[in-house]
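Student: Fold the following and give me the result.
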Amino acid sequence: MSRFYLSHHGSEQYFTDADYAREFLFIALSIGEEMLISGAEVSRVEDSVRRICTAYGGERVDVFAVATAIFASVHSREYGTVTQIRRITAPRYDLFRLSRLNALSRRICSEKPSFEDVENELEEIRINTPVYPPERIFFMYALISFSFTLFFGGNLQDALASAVIGLFLRGMDYVSRHLQLPPYIAAVLWSFAGGCLAQYFVSKNFGDSADLISIGNVMLLIPGMLLTNSIRDIFSGDTLSALMNFCNAFLLASLIAFGFALPNFIWGM
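Tutor: The predicted structure follows:
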């Protein structure tokens, strides 16, 4: 049997039922991929992909998602079983984009728009998600470092030194993204540089405690989203994904702690 619909290339064509299934499964996985990259927990991704496929006619939909991949299979008596896999890399947490993806998923389930409309809206979400200007991001990094150093007992000089280091760390973040450094290596480099600068400020009598200066900068690097999602996955019953996220968060936090502690060891020798 053939169906008449708008393909994701924008052309009107006849396709077999199997082609139709491959098309809507591809779209569902594309939305699931963007959701996972944006910071969604796996239970939400699995539910969204399942609902989208069901809305487009899938009789049985099996979805399995972890932090790094999505596996989905759609079955119908008309076209048999269609399976696709999507590899997930380079998370870019963005809760605003995630909310727009959720809205798109709900619209698909309620209205069943053409594939072309879905592809256009998905591309618009990818391209036109608002991005904060660099100067505002630099200001927020400085403010966060300044505030947490004061909160944990640092004096005004400690907080100012932490704010300056926060600006430097944001600059290093831009450089590491441009060089496409692996996240673990980048985290060690950021934290080591931050620890060295904290020791330098204290040695120049601009601040009293390198530890209190550093703690404001540590809060910039803590993998809060990974840890939060791992806890949510545990309560959702997604144990494998929870363990993967928790191990990643623990390893990243350990490397950050090592990076900040190493300058203290070197200066103490």
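
Student: all contacts plus neighbour counts: C-alpha atoms, from now on.
Tutor: OK.

Student: thought residue 22 was touching residue 82?
Tutor: Yes. Between residue 22 and residue 82 there is a contact under C-alpha atoms under 8 Å: 6.5 Å.

Student: Next, the contact list for residue 259, please.
Tutor: Going by C-alpha atoms under 8 Å, 6 or more residues apart in numbering, residue 259 touches 187, 188, 189, 190, 191, 192, 193, 195.

Student: For the first one, what is the enclosing helix or strand?
Tutor: Yep, that's residue 187 we're talking about. helix 183-203 (DSSP states H and E).

Student: For that helix, which outside residues touch it?
Tutor: 161-162, 165, 169, 172-173, 176, 207-211, 213-214, 217-218, 221, 252, 255-264, 267.

Student: The protein: helices as residue ranges?
Tutor: In order along the chain, the chain carries the following helices (DSSP state H): 17-38, 42-55, 95-111, 115-128, 134-151, 156-179, 183-203, 210-221, 224-236, 239-268.

Student: and the angle for the fifth one with helix 210-221?
Tutor: Taking axes from the mean of the first three to the mean of the last three C-alpha atoms, to 10 degrees, helix 134-151 and helix 210-221 form an angle of 140 degrees between their directions.

Student: Next: the fourth one.
Tutor: With the same axes, to 10 degrees applied, the angle from helix 115-128 to helix 210-221 works out at 160 degrees.

Student: likewise the last one?
Tutor: Between helix 239-268 and helix 210-221, the angle comes out at 150 degrees (the same axes, to 10 degrees).

Student: Just the buried residues of helix 239-268, please?
Tutor: Judged by neighbour count (16 or more other C-alpha atoms under 10 Å), helix 239-268 contains these buried residues: 239, 241-246, 248-250, 252-253, 255-264.

Student: what do you get for the first one?
Tutor: For helix 17-38, the neighbour count (16+ other C-alpha under 10 Å) marks 17-18, 20-22, 24-38 as buried.

Student: helices and strands around it, which ones?
Tutor: Contacts of helix 17-38 with other secondary structure elements, assessed using 3 or more C-alpha pairs under 8 Å, 6 or more residues apart in numbering; DSSP states H and E, are made with strand 2-6, helix 42-55, strand 69-76, strand 80-87, helix 95-111, helix 115-128.

Student: Burial-wise, tell me which of those comes out on top.
Tutor: Sort the helices and strands packed on helix 17-38 by mean neighbour count, taking mean count of other C-alpha atoms under 10 Å, and helix 42-55 sits at the top with a mean of 22.

Student: Contacts only, for residue 176.
Tutor: Residue 176 touches residue 186, counting by C-alpha under 8 Å, 6+ apart.

Student: do the same with residue 163
Tutor: Here residue 163 is in contact with 141, 142, 143, 144, 145, 146 (criterion: C-alpha under 8 Å, 6+ apart).

Student: wait, isn't the first one in contact with residue 166?
Tutor: Yes. Because the distance of 5.4 Å satisfies C-alpha under 8 Å, residue 141 is recorded as touching residue 166.

Student: Between these two, which is the more surrounded one?
Tutor: More neighbours sit around residue 166 than around the other of residue 141 and residue 166, counting by other C-alpha atoms under 10 Å; the figures are 27 against 24.

Student: What about residue 90? Give its phi and psi, please.
Tutor: Taking degrees, to the nearest 10, you get phi 50, psi 70 for the backbone angles of residue 90.

Student: circling back: just put the helices and strands packed on helix 17-38 in JSON lines and tack on distance to residue 180 and mean pLDDT.
Tutor: As requested, the helices and strands packed on helix 17-38 are arranged in JSON lines below (distance: least, C-alpha to C-alpha, whole Å; pLDDT from 0 to 100):
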{"stretch": "strand 2-6", "distance to residue 180": "37", "mean pLDDT": "46"}
{"stretch": "helix 42-55", "distance to residue 180": "26", "mean pLDDT": "93"}
{"stretch": "strand 69-76", "distance to residue 180": "21", "mean pLDDT": "92"}
{"stretch": "strand 80-87", "distance to residue 180": "18", "mean pLDDT": "91"}
{"stretch": "helix 95-111", "distance to residue 180": "22", "mean pLDDT": "92"}
{"stretch": "helix 115-128", "distance to residue 180": "20", "mean pLDDT": "89"}
